[in-house]
Every structure is written in structure tokens, then in C-alpha cells.
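**Q** Based on what follows, work out the 3D shape:
(one chain, ligands or ions: 1)
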Amino acid sequence: MEEVSLQTQLFAADPEPTVTAKERAREADRVYLGDNLEVLQKLPSDHFQMVYVDPPFNTGKVQKRISIKTVRDAAGDRTGFKGARYSSEVQSAHQYWDIHEDYLGFLEARLLEARRVLHPTGTMYLHLDYREVHYAKVLMDEIFGRENFLNEIIWAYDYGARSTKKWPAKHDNILVYVRDVDRYLFDESEVDREPYMAPGLVTPEKAARGKLPTDVWWHTIVSPTGREKTGYPTQKPLGILRRMITASTRPGDWVLDFFAGSGSTGHAARELGRHFVLVDNSPVALDIMRERLGADNTAYETVPGTEPGQPES
Ligand SMILES: C[S@@+](CC[C@H](N)C(=O)[O-])C[C@H]1O[C@@H](n2cnc3c(N)ncnc32)[C@H](O)[C@@H]1O
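**A** Next comes the predicted model:
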């Protein structure tokens, strides 16, 4: 693991002309354990081609994920196939607080910094849900300018408990803003395509190629039993991150996620040949990211004086 210090200048905001693109490409990806505001304030302006954040949704709950292994046990409390008895063992339990008194104030300080560190042709994705998205839209309009609002992506899924007292809420909202609506990067050429809903209404060539996804994305959540799963609560699927990164960055660009959790953004960015900086204040998240992203060309640092922001797990 490469040790770095926040006190040192981590990035050349205006790289010297003597630093070649090839040398810059060797710069290490970075993962910080600490409060994201403190880290953001030390990052250079205009550096990141894309910022994606998935902050706590202010659900008012402790977000928790427990993995359970079921083992054959004559004295167990569960009955399975042909009457066999099983007991369950808790393998791991990860959790963090998602309760904020001044949620918008908390977000605002960080979103202002996010805009500052975004490249002039860059894009910001703010992932929320129905509870806060409308307030956050007004806040983002103030910070980025209403003219720089590009999309509201609806990520729709179909999993988990269903209320029978109202329409079951099964979508998240991702607000997309650019620094400058007249010069932002959006490259749809490499984005995965979707089948047309009515392929008979378009030419066979178009039907075979599929269509650019609209602003409504149907995508499963991370399967609790699938390979992608890290066990971290609220982990987001690589499929939706790949889509955003592919459209809004080029290979070699820098991507920032300062509510990084299990490091999904870093995982997708690396697969696509992009660099990343990730920040989270949970030691559990840092451990998961370390395991997921490895030490190869990746530097991990704890911001001095960091208090674990989460309950122990
Ligand atoms: C919704 S989760 C992110 C999940 C992530 N997108 C993933 O795919 O795993 C939000 C994360 O924000 C972190 N967090 C909350 N407040 C923070 C702060 N002030 N500074 C840094 N991280 C923070 C939490 O520890 C949590 O991991």
C-alpha cells in the first residue's frame, strides 16, 4: 500500500508542461477515509471530468445489511427440505447512520466544492430518492445554474418489500448537471444500448442495434446472492455506473465519488480505464474498498483526526 499525505499536493492542478500525458496516466487512484468536506477542500479546482455521489438519503434509519449463513444443525431453529433442521449464523453486519438534522445544509457545503473541482466540460451525477430529490433540485439549480440541468434519470428496479398502503416506491432519482451547458462532454457512442419496446416500428437495422437508453433506466439492484455483492448496505450496481462513466468521461479521465461506500464508482471507473478518487468516513467502507480495489496503483489514506462517523459493525 502506498502511503500518501493530504498535506502534500496530491494533484498538480495545472500540470507542468514537462509532465507528459503518459506520466500523468501512471498517477495512483486514491481512497480517503475521512469527512468528505475536509478532503474536498484540498482537491484542486477543475480537475474531475465526472463527479458521482450517492449520499445518505436521509431515511431517518440506520442502514444495515446482515449476511446470514444457514448450516445443517439437528438443534437448529429452521426446518428445510424433507424436515432437515438448520441454524443460521450471522457472517457479517454492516451499518451506518442515515439521520441528518440539516440535510440540505450538509449537502450544500459539499456540492459547492463538487462544482469547484469539476472540469469545465464535466458532469455531476447526484443520486437521491423521492424523499429529498425535490429540495436538492432547487439547491442544485442555485449552485450549478438552472440552465446547466441536463436530466433527471429515474433508476427503476423491482425488488424487496412492497407496501400495500401506497404505490410501492421502486425507483431512485439521479440529477445530472454540467458545469457549462455549452461545452460539456456527452459521448453516447460507447454506451450500452437497449432493445426498442416496439422493434416492429423501426427498421431492422435500427432494431438490431437497439436504442440509446432514455432517462428511465430499468436495472436490477445488486443481487444479495450475486458475484457483485460486497455486503455493504446501499451498494449500487456497476451497470448504472458504467453507463454514466462511459457517456461523461474518456479513458484516462478522473472520476470522483465522495460518498463512496463500497467503492462501486472506483470499480466501474477502473474497468473502463478511468482514474478515481473515493472518499468515505466509514472504516468498514474503507476495508471493503481495500479488498475490492486492491493495492495495485491505489493509495489509501486516513485523514488525520478522523473520528469514525458510523456505529461500529
Ligand atoms: C448510500 S452510501 C454509498 C453507497 C455507494 N454508492 C456504493 O455503491 O457502495 C453513502 C455513504 O456515505 C458515507 N458518508 C456519510 N457521510 C459522510 C461524510 N461526511 N464524509 C464521507 N462519507 C460519508 C457513508 O459512510 C456511506 O458509506
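
**Q** Checking T123 next. Helix, strand or coil?
**A** Here T123 is strand, with the state taken from DSSP: H, G, I helix; E, B strand; the rest coil.

**Q** what does S223 give?
**A** Once three-state DSSP is applied, S223 turns out coil.

**Q** which residues does it contact?
**A** Counting by C-beta atoms under 8 Å, 6 or more residues apart in numbering, S223 touches K229. For the C-beta atoms, the positions are set from N, CA and C on the backbone; glycine is no exception.

**Q** Just read off the phi/psi values of it.
**A** Note on S223: its backbone torsions stand at phi -70, psi 130 [degrees, to the nearest 10].

**Q** Check T249 too.
**A** Backbone torsions for T249, taken as degrees, to the nearest 10, come to phi -140, psi 170.

**Q** and the residue lying closest to it once chain neighbours are set aside, how many residues sit next to it?
**A** In this structure, T249 finds its nearest non-sequential neighbour in Q49, 4.5 Å apart by C-beta to C-beta, 6 or more residues apart in numbering. Neighbourhood size, Q49 [other C-beta atoms under 10 Å]: 22.

**Q** tell me which element Q49 is part of?
**A** strand 48-53 (DSSP states H and E).

**Q** Please apply the same query to D172.
**A** Short version, using DSSP H and E: D172 is in strand 171-178.

**Q** near the ligand, anything from that strand?
**A** No: using C-beta under 6 Å from any ligand atom, we find that strand 171-178 stays clear of the ligand, coming within 10.2 Å at best.

**Q** quick one: contacts of the following helix or strand past that strand?
**A** Downstream of strand 171-178, the next assigned helix or strand under DSSP H and E is helix 204-209. Under the criterion C-beta under 8 Å, 6+ apart, residues R193, P195, Y196, P199, G200 lie in contact with helix 204-209.

**Q** Only C-alpha atoms, please: export helix 204-209 in CSV.
**A** Taking Å, rounded to 0.1, in the frame of the first residue of the first chain, the C-alpha atoms of helix 204-209 are listed here in CSV:
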residue,chain,number,x,y,z
PRO,A,204,-34.5,-4.0,-39.0
GLU,A,205,-31.0,-2.3,-38.8
LYS,A,206,-32.2,0.0,-36.0
ALA,A,207,-33.9,-2.8,-34.2
ALA,A,208,-30.7,-4.9,-34.3
ARG,A,209,-28.6,-2.0,-33.0
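
**Q** Please check the contacts of helix 204-209 and keep the buried ones.
**A** When the contacts of helix 204-209 are checked for burial by 16 or more other C-beta atoms under 10 Å, the buried set is empty.
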